[in-house]
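K.L.:
For reference, the sequence and a predicted model appear below.
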Amino acid sequence: MNMAQSKNIGLCPDCGEEVRFKKLPYVGQIMTCRRCSAQLEVMRKAPVVLRLAEDAWEEEEEDIDSYESPRSNQRNKRDW
């Protein structure tokens, strides 16, 4: 088993640096890469899988942008 497969170590998807956790991380935990300063989010904890935290924000923004509430549509129609 190599070092990156240890349950408290993940790899930065941006620069490939090992990201070490003192304790077993939890899903959703945000960590900063020491090498490239990227904000990383824990996606899986055994083995640790990390992704850029900005990816998570972009997905949330897409979900919000695609959602239109019926009230806002009615309000907009009345204004015109």
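P.N.:
Sure thing, it's come through.

K.L.:
all contacts plus neighbour counts: C-alpha atoms, from now on.
P.N.:
Fine.

K.L.:
Was I right to think residue 43 contacts residue 30?
P.N.:
No: under the criterion of C-alpha atoms under 8 Å, residue 43 is not in contact with residue 30, lying 9.8 Å apart.

K.L.:
can you give me the helices for this structure?
P.N.:
Listed in chain order, the helices of the chain (DSSP state H) span 53-66, 70-79.

K.L.:
Now the weakest link among those, please, by mean pLDDT.
P.N.:
Summarising mean pLDDT across the helices of the chain, the least confident stretch is helix 70-79, with a mean of 56.

K.L.:
which secondary element of the protein has the worst mean pLDDT?
P.N.:
Among the helices and strands of the chain, helix 70-79 carries the lowest confidence by mean pLDDT, DSSP states H and E, at a mean of 56.

K.L.:
need the contact list for the residue lying closest to residue 17 once chain neighbours are set aside.
P.N.:
Sequence neighbours aside, residue 11 is the residue nearest to residue 17 in space, at 5.6 Å (criterion: C-alpha to C-alpha, 6 or more residues apart in numbering). Listed by C-alpha atoms under 8 Å, 6 or more residues apart in numbering, the contact partners of residue 11 are 4, 17, 18, 19, 49, 50.

K.L.:
Buried residues of stretch 26-46, list them for me.
P.N.:
Residues of stretch 26-46 classed as buried: 30, 31, 33, 38, 39, 40, 41, 42, 43, 44, 45, 46 (neighbour count, 16 or more other C-alpha atoms under 10 Å).

K.L.:
In the sheet, which strands lie alongside the lengthiest strand in the chain, parallel or antiparallel?
P.N.:
Secondary structure of the chain read by DSSP state E shows that its longest strand is strand 39-45. Strand partners for strand 39-45, identified by DSSP bridges, are recorded as strand 30-32 (antiparallel), strand 48-52 (antiparallel).

K.L.:
Compile those strands into a markdown table and extend it with columns for distance to residue 23 and mean pLDDT.
P.N.:
As requested, these are arranged in a markdown table below (distance: least, C-alpha to C-alpha, whole Å; pLDDT from 0 to 100):
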| stretch | distance to residue 23 | mean pLDDT |
| --- | --- | --- |
| strand 30-32 | 13 | 95 |
| strand 48-52 | 12 | 96 |
